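*Asks:* Sequence and predicted model, in that order:
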Amino acid sequence: MPAVQDTIDRVRKIDVDQYKYGFQTEIAMDKAPKGLSEDIIRFISAKKDEPSWMLEWRLEAYRRWVTLDEPKWARVHYPKIDFQDLYYYAAPKSTPGPTSLSDVDPELLRVYEKLGIPLREQEILAGVQKTDASELEEASDNVYKSGRVAVDAVFDSVSVVTTFKKELAQAGVIFCSISEAIREHPDLVKKYLGSVVPTSDNFYATLNSAVFTDGSFVFVPKGVRCPMELSTYFRMNEKNTGQFERTLIIAEEGAYVSYLEGCTAPQRDENQLHAAVVELIALDDAEIKYSTVQNWYPGDAEGKGGIYNFVTKRGDCRGHRSKISWTQVETGSAITWKYPSCILRGDDSSGEFYSIAVSNGYQQVDSGTKMIHLGKNTSSRIISKGIAAGFSQNTYRGQVSAHRKATNARNFTNCDSLLIGDQCGAHTVPYMEAKNATAQFEHEATTSKISEDQKFYVMQRGIPEEEAIALIVNGFVKDVIQQLPMEFAVEAQKLIGISLEGSVG
Amino acid sequence: MLEIRNLHARIVDDGTEIIRGLNLTVKAGEVAAIMGPNGSGKSTLSYILAGREDYEVTEGDILYNGRSILEMDPAERATSGIFLAFQYPMEIPGVATMEFLKVAMNEQRKARGEEPLKIPEFLKRVKDAAALLDMDMAMLKRPLNVGFSGGEKKRAEILQMKLLEPKLCVLDETDSGLDIDALKIVSEGVNALRAPDRAIVIITHYQRLLQYIVPDSVHVLYRGQVVKSGDKSLALDLEANGYAGVIGQAA
């Protein structure tokens, strides 16, 4: 077959426009005019009923932001973003602070019903306790039983409903929207906000600091093990609304919390900008586990549309023996620019990064992590699995550094890339820097293709081509899937299959 | 059940013709052995039967139950009942053997319009089949074929064959890499699958396997053609006198 014909066929078969959550709900929105200025920031701050110190913080960030240029070093290409052509505030018109399901806009509940995944939102919102033991398959190794999840639902920019609050409150855990935290817990917010990702950190983080409209706040006090998984669903809805969540999680001495973040977005033509900031702070002996499944609209078969995702996520192992673990499954977005990182400040602290990044169609992923070893005997572990299909480009970019005082710093990095087809690319860009002679860094990297032999073998057992690919890929990412809580593990496996549909020609 | 008519096939990449006018008929209930020297096209034939895309059929046809299978992809052929036990089974990292078995069995059931197997029923079938092949259930928790010894891989192939209950079984050099004990166990496993509605095609270089799985017919493949057919005595003859005599006649 001539190459040209082959290319045409391949393009035809790549139908990434199979985004299953591409619907737009009609809820009356209350939004600020397009564009960004000090006035818009004042509008947002006023809408949020914020204290003046918060407004000042935002304005300071904004004044810095206007002096900054967009970073260009990532291996991603996209048309220039007109930041004056975006809306920076949109909130559903809902009665403030619903206390029960009947107070929630039924349209919103229908959205969750349509999403359907991976939490049984309806039941959870209704406070139903459920164990999945009956549905767990004996043959599956991914057994993780967690029957209870608290959801802080973020609909566009405003937290609409928060469940399990009472029980969390009894444990002393604060789990609410960042807006509420600014109003109700200003001392905590003042103390920690921007302490990991300062307003001056980078272009997108600075922008976020100026205009963030919502996100989650979690505070787990000393010695408390958070009694349930905490979860927020982010969902972009209003057309052309940039999403600027701000999440702040603090685990005091000896505390433990596991936080799940998952996202889907409706389909549309315009590119959407998303620039979130997540800050984690772990004090002595504390542990934070942060898991993400990201499934935003990746754009259509020609690479048109899709979300631009520029995220700054950073955890600070501020205390001794503290631990922060990032797990992410990235299947969506047209462009992903994301490096969840750990600052290993406390002695004997440890950081982990487990990542699956799947790209198909014309998606561009530039993702990885930074492990910054400052304290003594700190250790970090990086397991990254990149899967590139279609015409996508998938880059792992990671930095491991040991400060001169970081005696006995340890790092293990394993980056595996899997290519499906021959039009895509996988790249690994590791940076390592040790200023202390006792540091031990290990790096392993592999790039492989799904071989025709493997695919033929699996298909010969009666498994259709796309399922065969999904099976092989899910095997490839298993090390990371196992790090996810059960709710996400099952969903993530399905999602990987969906993301790779049409990847074979 | 299987009828190969004047089959010509070549390697897609370089156009080398491997199968050159092959004719073969295997009836339901029959065990047919295909023998031949290295490079005669034995393994290629097994790949073509299973639908591997690296080969292109340029002439002739393959009929399975009277229907041409040339347009079917490997998965469709498999769900229609064709099974290939590979000479070199592939490793599938991260996919537990058990998980793989479940997916394969249920995909085949789905294709036939049947419900997925309930977990207890699935486990029972796997346990029974594993016991017959003297396989440890612990092994089935490991990723498929990863780190398996040659013998373990072959057993795993026969295990899959047994569980998928195919109608046409093609065994490609199943005896290679097996010690005598494993050979006996694997042979018993294959013999247990002999049935009036099932055909078994055994591709082998040596007569050794045929001591344990006694064929109804023996066919000698040479340069992409069946040059001689006979009953089981033909295999013994080849063992005693080598391929030279048969090939000489054909040449």
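*Replies:* The structure has been received and is ready for your questions.
*Asks:* What lies in contact with the helix or strand bottoming out on mean pLDDT in chain B?
*Replies:* Scoring the helices and strands of chain B by mean pLDDT, DSSP states H and E places helix B:244-250 at the bottom, with a mean of 72. The contact list for helix B:244-250, computed with CB atoms under 8 Å, 6 or more residues apart in numbering or on different chains, reads B:Pro37, B:Val220, B:Tyr222, B:Gln225, B:Val227, B:Lys228, B:Leu238. Just so you know, the C-beta spots here come from the backbone N, C-alpha and C atoms, and that holds for glycine as well.
*Asks:* Can I get that helix as PDB, trimmed to CA atoms?
*Replies:* Listed in PDB are the C-alpha atoms of helix B:244-250, where the atom choice follows Å, rounded to 0.1, in the frame of the first residue of the first chain:
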ATOM      1  CA  ALA B 244      15.500 -36.800   1.800                       C
ATOM      2  CA  GLY B 245      13.600 -39.700   0.300                       C
ATOM      3  CA  VAL B 246      10.300 -37.900   0.300                       C
ATOM      4  CA  ILE B 247      11.700 -34.700  -0.900                       C
ATOM      5  CA  GLY B 248      13.600 -36.500  -3.600                       C
ATOM      6  CA  GLN B 249      10.400 -37.900  -5.000                       C
ATOM      7  CA  ALA B 250       8.800 -34.500  -5.000                       C
END
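*Asks:* Are any of the contacts of helix B:244-250 buried, and if so which?
*Replies:* By neighbour count, with 16 or more other CB atoms under 10 Å in any protein chain shown, those hold B:Pro37, B:Val220, B:Tyr222, B:Gln225, B:Val227, B:Lys228, B:Leu238 as buried.
*Asks:* helix, strand or coil for the last one?
*Replies:* For B:Leu238, the secondary-structure state derived from DSSP: H, G, I helix; E, B strand; the rest coil is helix.
*Asks:* mind showing which ranges of the stretch 201-350 of chain A have poor pLDDT?
*Replies:* Residues of the stretch 201-350 of chain A meeting the criterion pLDDT under 70: A:232-242, A:263-271.
*Asks:* What of the stretch 101-250 of chain B?
*Replies:* In the stretch 101-250 of chain B, residues with pLDDT under 70: B:249-250.
*Asks:* Looks to me like A:Glu442 is in a helix.
*Replies:* No: according to three-state DSSP, A:Glu442 belongs to no helix; its state is strand.
*Asks:* mind listing what it touches?
*Replies:* So A:Glu442 contacts A:Asn411, A:Phe412, A:Thr413 (CB under 8 Å, 6+ apart).
*Asks:* Tabulate the buried ones among the contacts of helix B:244-250 (CSV), appending secondary structure.
*Replies:* As requested, these are exported to CSV (three-state DSSP):
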residue, secondary structure
B:Pro37, coil
B:Val220, strand
B:Tyr222, strand
B:Gln225, strand
B:Val227, strand
B:Lys228, strand
B:Leu238, helix
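*Asks:* ok, now how distant is A:Ala46 from chain B?
*Replies:* 52 Å (CB to the nearest CB, to the nearest Å).
*Asks:* So which residues of the stretch 351-500 of chain A form strands?
*Replies:* A:364-373, A:379-388, A:393-402, A:410-419, A:425-434, A:440-449 (DSSP state E, counting those that start in this stretch).
*Asks:* Of those strands, which stretch is the most buried?
*Replies:* Highest mean neighbour count of these: strand A:364-373, a mean of 26 (counted as mean count of other CB atoms under 10 Å in any protein chain shown).
*Asks:* Strand partners (parallel or antiparallel) of that one?
*Replies:* Strand pairing for strand A:364-373, determined by DSSP bridges: strand A:335-338 (parallel), strand A:341-344 (parallel), strand A:393-402 (parallel).
*Asks:* on that earlier part again, buried ones in the least confident helix or strand of chain B?
*Replies:* B:Val246, B:Ile247.
*Asks:* again with stretch A:213-228
*Replies:* Within stretch A:213-228, the residues that count as buried by 16+ other CB under 10 Å are A:Thr213, A:Asp214, A:Gly215, A:Ser216, A:Phe217, A:Val218, A:Phe219, A:Val220, A:Val224, A:Cys226, A:Met228.
*Asks:* any idea how far A:Arg246 is from the fourth one?
*Replies:* Using CB to CB, to the nearest Å, one obtains 9 Å as the distance from A:Ser216 to A:Arg246.
*Asks:* list residues touching both of the two?
*Replies:* Joint contacts of A:Ser216 and A:Arg246 (CB under 8 Å, 6+ apart) are A:Ile178.
*Asks:* who does B:Tyr64 bridge with?
*Replies:* B:Leu2, B:Arg67.
*Asks:* what about the helices in the stretch 101-250 of chain B?
*Replies:* Assigned by DSSP state H, counting those that start in this stretch, the stretch 101-250 of chain B shows helices spanning B:119-132, B:150-164, B:180-191, B:232-241, B:244-250.
*Asks:* Return the most buried member of those.
*Replies:* By mean count of other CB under 10 Å, the helices of the stretch 101-250 of chain B have helix B:150-164 as the most buried, with a mean of 21.
*Asks:* Can I get that one in PDB, CA atoms only?
*Replies:* C-alpha atoms of helix B:150-164 as PDB (Å, rounded to 0.1, in the frame of the first residue of the first chain):
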ATOM      1  CA  GLY B 150       9.800 -22.900  27.900                       C
ATOM      2  CA  GLY B 151       7.800 -25.700  29.300                       C
ATOM      3  CA  GLU B 152       5.600 -23.400  31.400                       C
ATOM      4  CA  LYS B 153       4.800 -21.400  28.300                       C
ATOM      5  CA  LYS B 154       3.700 -24.400  26.300                       C
ATOM      6  CA  ARG B 155       1.500 -25.600  29.200                       C
ATOM      7  CA  ALA B 156       0.000 -22.200  29.400                       C
ATOM      8  CA  GLU B 157      -0.800 -22.400  25.700                       C
ATOM      9  CA  ILE B 158      -2.600 -25.800  26.100                       C
ATOM     10  CA  LEU B 159      -4.400 -24.400  29.100                       C
ATOM     11  CA  GLN B 160      -5.700 -21.600  27.000                       C
ATOM     12  CA  MET B 161      -6.700 -24.000  24.300                       C
ATOM     13  CA  LYS B 162      -8.600 -26.100  26.700                       C
ATOM     14  CA  LEU B 163     -10.400 -23.200  28.200                       C
ATOM     15  CA  LEU B 164     -11.300 -21.600  24.900                       C
END
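*Asks:* Spell out whether that helix and chain A are in contact.
*Replies:* Yes: with CB under 8 Å from any CB of the partner chain as the criterion, chain A is reached by helix B:150-164 at B:Gln160, B:Leu164.
*Asks:* helices and strands around that helix, which ones?
*Replies:* strand B:82-85, helix B:97-111, helix B:119-132, helix B:180-191 (3 or more CB pairs under 8 Å, 6 or more residues apart in numbering or on different chains; DSSP states H and E).
*Asks:* Give me the residues contacting the first one.
*Replies:* Identification of contacts with strand B:82-85 by CB under 8 Å, 6+ apart yields A:460, B:46-47, B:49-50, B:64, B:69, B:154, B:157-158, B:160-161, B:164, B:166-172, B:174.
*Asks:* Could you check the pLDDT of residue 72?
*Replies:* No chain was given, so I picked chain A. For A:Lys72, the pLDDT comes out at 85.
*Asks:* other chain: chain B
*Replies:* Listed pLDDT for B:Met72 reads 96.
*Asks:* residues contacting the nearest residue to it once chain neighbours are set aside?
*Replies:* Once flanking residues are discounted, B:Met72 sits nearest to B:Gly51: 6.3 Å by CB to CB, 6 or more residues apart in numbering or on different chains. Going by CB under 8 Å, 6+ apart, B:Gly51 touches A:Met459, A:Gln460, B:Ile69, B:Met72, B:Asp73, B:Pro74, B:Glu76, B:Arg77.
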